[in-house]
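In: Could you look at this predicted model? Sequence included:
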Amino acid sequence: MATRRIPMLSLEAAKVAAEGAQEKAKQMGMDFNIALVDGTMQLLHFVRMPNAKLTSIQISIDKAFTAAGHRSPTSAYQNKVFLPGGPAFGIHNSNGGRFMIIGGGIPIEVDGVTVGAIGVSTGTPAQDIECATAGVEAVNAFVKRKSGSKL
């Protein structure tokens with residue numbers, strides 16, 4: 001077979017993730033930049049809450065880009081392997097400087113397949129992760145409700 005079908009995050013599901021992340025942000029009393037990419041790392045949906053840091057816009061997009069491209073949370077890169085002297089030091093300069101090693105990017109998986117990712121930025125890495133996790137959980141609940149439907 002010369003081609004294959006790859007499940008992708010839909011715009012509808014991306015909006016569900018953004019809404020879930022925004023709800024968590026409101027509970028936290030913070031505003032965030034929230035980016036959703038599809039499985040090919042292309043921006044699908046973006047929300048900038050009113051008081052989110054302007055300098056965090058691209059960071060949120062790049063966190064989603066990294067999480068989708070490596071099918072791993074960006075928080076996985078916060079260890080000594082990626083610090084000066086570590087065997088992967090400098091990886092953050094790859095992909096035109098878009099590779100993020102700061103927590104807040106989480107892949108979105110459906111049936112074990114990475115269909116996209118969410119990237120959140122403005123708070124601390126722990127706050128960004130908390131908000132992003134709420135977005136992933138919202139998509140998981142959406143998929144369960146739609147069971148059998150296309151993403």
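Out: Thanks, I have the structure now. Numbers count the residues shown, from 1 in each chain.
In: Which strand or helix spans the closest residue to L83 other than its chain neighbours?
Out: With C-beta to C-beta, 6 or more residues apart in numbering as the measure, F89 is the residue that lies nearest to L83, at 6.3 Å, once sequence neighbours are left out. C-beta coordinates here come from the backbone N, C-alpha and C atoms, glycine included. For F89, there is no host helix or strand (DSSP states H and E).
In: Then the one 10 residues further on?
Out: Using DSSP H and E, F99 is not contained in any helix or strand.
In: distance of it from G112?
Out: Using C-beta to C-beta, to the nearest Å, one obtains 24 Å as the distance from F99 to G112.
In: if we can go back for a sec, so how many other residues sit close to the residue nearest to L83?
Out: Applying the criterion other C-beta atoms under 10 Å, we find 14 residues in the vicinity of F89.
In: Which of the helices or strands spans the residue nearest the centre of the chain?
Out: Within the chain, the residue whose C-alpha comes closest to the C-alpha centroid is I118; the distance, by C-alpha atoms, centre = their mean, is 2.0 Å. I118 belongs to strand 113-121 when elements are defined using DSSP H and E.
In: buried set for that strand?
Out: Judged by neighbour count (16 or more other C-beta atoms under 10 Å), strand 113-121 contains these buried residues: 114-121.
In: Now it: average pLDDT?
Out: Averaged across strand 113-121, pLDDT comes to 97.
In: for stretch 72-87, same thing?
Out: Across stretch 72-87, the per-residue pLDDT values average to 81.
In: Show me what it is in contact with.
Out: Residues lying outside stretch 72-87 but in contact with it, judged by C-beta atoms under 8 Å, 6 or more residues apart in numbering, are 63, 66-67, 88-89, 91-92, 100-107, 119, 125, 129.
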